[in-house]
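Peer 1: Quick one, what's the 3D model for this:
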Amino acid sequence: MLKELASKEGRGTELISLYIPPGRRISDVIAYLREEWGTASNIKSKTTRKNVQDAIVRVMERLKLFKEVPETGLCIFCGTIPTDKPGVGRMELYVVVPPEPINIYLYRCDQRFILEPLFELLRSEESYGIIVMDTKEATFALLKGKRVDILKEITSGVPGKHRAGGQSARRFERLREANLNEYYTRVGRTANNLFLEVPNLKGLILAGPAGTKEEFRKGKYLHYELDAKILATIDTAYTGR
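Peer 2: Model prediction:
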């Protein structure tokens, strides 16, 4: 989401970034925003003034849905984003609950959303990727501190080792190997998409029943940068959560 937010740009200084640390009262933040709404009436540009005030109202409406600030804080980004049609904009609002507590209180109007505090938070936290796999399914997770987040689960569609009736053993084995290769390719592609862009990724752990994960690694299905980060391969009797 942060990359998407970073790509947004307003016509003027009318995109609102709001960071609320844990413990701050919602009512106090809304009162502050009401003052900012009044201050925005001094903006000379009629269009910018309207867009800023409309965005402030949207943020206040969203804040009223919260009884209290989440334990890690709350970030809200709101503003009018230009569309392909000249002079036409679309109001967009995004709510982000940080993965770790934030310690700043910030309100700012700018041409772009202020995202550096969130990027810095992600950079400062060490992360470890986890792939748990067998020939039936694969689970991808991210370990941050003591928290494990399941990112994605995929199934293989690979048949078991017992061939169906009427099929020659050799033909069945060829089909199974082709299915396995396609599955390993999907596992590698999914891992690359999930883990290559993770800030501060310190390592990768491969886990699952003996044999499968070793065959996967030998096949070079992972991006070389991720393969170099593999810290351990762990034998487990199960996959999934």
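
Peer 1: Now do the strands in this protein.
Peer 2: 15-20, 74-82, 89-96, 106-110, 127-133, 137-144, 147-155, 201-208, 230-235 (DSSP state E).

Peer 1: In CSV, list the ones you listed along with distance to Asn42.
Peer 2: All C-beta spots, glycine's among them, are computed from the backbone N, C-alpha and C. Formatted as CSV, the strands of the chain follow (distance: least, CB to CB, whole Å):
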stretch, distance to Asn42
strand 15-20, 16
strand 74-82, 18
strand 89-96, 21
strand 106-110, 12
strand 127-133, 44
strand 137-144, 43
strand 147-155, 44
strand 201-208, 46
strand 230-235, 56
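
Peer 1: Present these as JSON lines; the columns should include mean neighbour count and mean pLDDT.
Peer 2: What follows is those, written out as JSON lines (neighbours: other CB atoms under 10 Å; pLDDT from 0 to 100):
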{"stretch": "strand 15-20", "mean neighbour count": "24", "mean pLDDT": "97"}
{"stretch": "strand 74-82", "mean neighbour count": "22", "mean pLDDT": "94"}
{"stretch": "strand 89-96", "mean neighbour count": "15", "mean pLDDT": "93"}
{"stretch": "strand 106-110", "mean neighbour count": "16", "mean pLDDT": "95"}
{"stretch": "strand 127-133", "mean neighbour count": "22", "mean pLDDT": "94"}
{"stretch": "strand 137-144", "mean neighbour count": "19", "mean pLDDT": "93"}
{"stretch": "strand 147-155", "mean neighbour count": "13", "mean pLDDT": "90"}
{"stretch": "strand 201-208", "mean neighbour count": "19", "mean pLDDT": "93"}
{"stretch": "strand 230-235", "mean neighbour count": "13", "mean pLDDT": "92"}
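
Peer 1: So which bits of the helix or strand of the chain with the lowest mean pLDDT are buried?
Peer 2: Using mean pLDDT, DSSP states H and E, the weakest-scoring helix or strand in the chain turns out to be helix 116-123, at a mean of 83. Buried residues in helix 116-123, counting neighbours by 16 or more other CB atoms under 10 Å, are found at Pro117, Leu118, Leu121, Leu122.

Peer 1: Got the domain ranges for the protein?
Peer 2: 2-123, 127-235 (automatic domain parsing).

Peer 1: Fine by me, thanks again.
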